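Chemist: my questions concern the predicted model and sequence given below.
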Amino acid sequence: MFLGQNQTTVRQLPHVVSVNVGSPRLVQTSGAAVLTSIFKSPVEGRVGIRGHNLEGDRQSDLTVHGGPYKAVYAYASEHYDYWLEQLPGIELTPGMFGENLTTAGLDESMVKIGDCYRIGTAVLQVTQPRMPCFKLALRFGLADMVKRFWQSGRSGIYFSVVEEGDIAARDRIDKTADGPEELTVADVVRLYRGDEESQELLERVLRAPLFGGWKREIIERRAELKADS
């Protein structure tokens, strides 16, 4: 399956384009062998979501990947058009960004922290954006890929598992509950990067069920940016 080619021309009802899984593998670099699970491929049929993971999928380093608040990672198929322009000559297929779910009709600007969605028979809750690590550069073979990814603002979305179930390509993505704050995933990224300086937005970040180190890091980043200004 090849993604891109004007996926953004028509707003689609939110649904799963592809379910992608992968196992740890060793990748040789100039310095050493690195164990990574960022190489994910589409799978057919229904896939169970159990505990903090999809069946057939394993994280390599649980100190920074996986766990209850990074159980399922989704990335919008609409972003692939942007990356086709940015990365000519690289074939982009579902799972290229290490996502478990390649989606349509769902992106960071419309998804709020704490929102819940039913996908197949599972219910997932939005927990945080993705902070890319060096393994993304290994996946693409580009030393500056982490910087490109972060500058794009296309972070993707992490979910926790509220209800276990199973999921498959073409399943609808239906919102079942709104997060307690009007705070989108894109808002979090903009505030972290310093694109937004709103005190009111910061207060919503601090009240929201935003997991990981985002709250602390946003406060620290704002202090650093003020000191440098």
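Modeler: Now that the structure is in, tell me what you want to look at.
Chemist: for the longest helix belonging to the chain, enumerate the helices and strands it packs against.
Modeler: Using DSSP state H to define each element, the chain has its longest helix at helix 214-228. Applying 3 or more C-beta pairs under 8 Å, 6 or more residues apart in numbering; DSSP states H and E, one finds that helix 214-228 contacts helix 185-193, helix 199-207. Bear in mind the C-beta positions are built from the backbone N, C-alpha and C, glycine included.
Chemist: quick one: residues in contact with that helix.
Modeler: 128-129, 188, 191-192, 194, 197, 202, 205-206 (C-beta atoms under 8 Å, 6 or more residues apart in numbering).
Chemist: can you dump the C-alpha coordinates of that helix into PDB?
Modeler: Coordinates of each C-alpha in helix 214-228 appear next as PDB, following Å, rounded to 0.1, in the frame of the first residue of the first chain:
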ATOM      1  CA  TRP A 214       5.400  17.300  28.900                       C
ATOM      2  CA  LYS A 215       4.100  19.500  31.700                       C
ATOM      3  CA  ARG A 216       7.500  19.800  33.400                       C
ATOM      4  CA  GLU A 217       9.400  20.200  30.100                       C
ATOM      5  CA  ILE A 218       7.000  22.900  28.800                       C
ATOM      6  CA  ILE A 219       7.600  24.900  32.000                       C
ATOM      7  CA  GLU A 220      11.400  24.500  31.700                       C
ATOM      8  CA  ARG A 221      11.300  25.300  28.000                       C
ATOM      9  CA  ARG A 222       9.300  28.500  28.600                       C
ATOM     10  CA  ALA A 223      11.900  29.600  31.300                       C
ATOM     11  CA  GLU A 224      14.700  28.900  28.900                       C
ATOM     12  CA  LEU A 225      13.100  30.900  26.100                       C
ATOM     13  CA  LYS A 226      12.400  33.800  28.300                       C
ATOM     14  CA  ALA A 227      16.000  33.800  29.600                       C
ATOM     15  CA  ASP A 228      17.300  33.800  26.000                       C
END
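Chemist: can you mark which positions in that helix are buried?
Modeler: For helix 214-228, the neighbour count (16 or more other C-beta atoms under 10 Å) marks 214-215, 218, 222 as buried.
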